[in-house]
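Trainee: fold the following.
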Amino acid sequence: MTEKISTLIDELKTLTLLEAAELVKAIEETFDVDASAGGGVMMMSGGTTTSEENASGEEKTEFDVSLDEVPKDKKISILKIVRSLTELGLKEAKEVVENTPKVIQEGLTKSAAEEAKKVLEEAGAVVTLK
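Mentor: Below is the predicted model of the structure:
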């Protein structure tokens, strides 16, 4: 790996979840690509596990982030976080926040799901991983 790539990787490691989401959006706009295209295909063919498979000892690899409860006094800050995590418009994000419980992200890795949960919980939301 070149020094330039190593430096970029080190810088990327320091990004917050919100900054990473902004970076993805900027890359999509700059290079006219869709970063979700590969993820959507992988979700469909990635095979979700059934409860029988989980009982047989296989570790779950994909997680869904469910927004379960939003306190009224924290609604605006949580709405902003939901928008940044999901790239929904204001109206759609508001509907999600007002109609809890609601799954807001699906098929995430464990670390990505835990990071999203952490950010939402710090803002005051009640979140579960499924």
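
Trainee: check contacts around Ser84.
Mentor: Applying C-beta atoms under 8 Å, 6 or more residues apart in numbering to Ser84 gives the contacts 17-18, 21-22. To be clear about C-beta, it is placed using only N, CA and C from the backbone, and glycine gets the same treatment.

Trainee: which of these tops the neighbour count?
Mentor: In terms of neighbours by other C-beta atoms under 10 Å, the contacts of Ser84 top out with Ala21 at 18 neighbours.

Trainee: ok so, going back, save the contacts of Ser84 as a markdown table, and put in pLDDT too.
Mentor: A markdown table is the format used below for these (pLDDT from 0 to 100):
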| residue | pLDDT |
| --- | --- |
| Leu17 | 76 |
| Leu18 | 77 |
| Ala21 | 79 |
| Glu22 | 81 |
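
Trainee: just the ones of those residues in helices?
Mentor: If you go by DSSP state H, the contacts of Ser84 have 17-18, 21-22 in helices.

Trainee: got the buried residues for stretch 72-83?
Mentor: Going by neighbour count (16 or more other C-beta atoms under 10 Å), the buried part of stretch 72-83 is 74-75, 78-79, 81-83.

Trainee: how many other residues sit next to Ala125?
Mentor: If you count neighbours by other C-beta under 10 Å, Ala125 ends up with 23.

Trainee: just say helix, strand or coil for the residue lying closest to it once chain neighbours are set aside.
Mentor: Nearest residue to Ala125 in three dimensions, chain neighbours excluded: Ile78, at 4.9 Å (C-beta to C-beta, 6 or more residues apart in numbering). What DSSP: H, G, I helix; E, B strand; the rest coil gives for Ile78 is helix.
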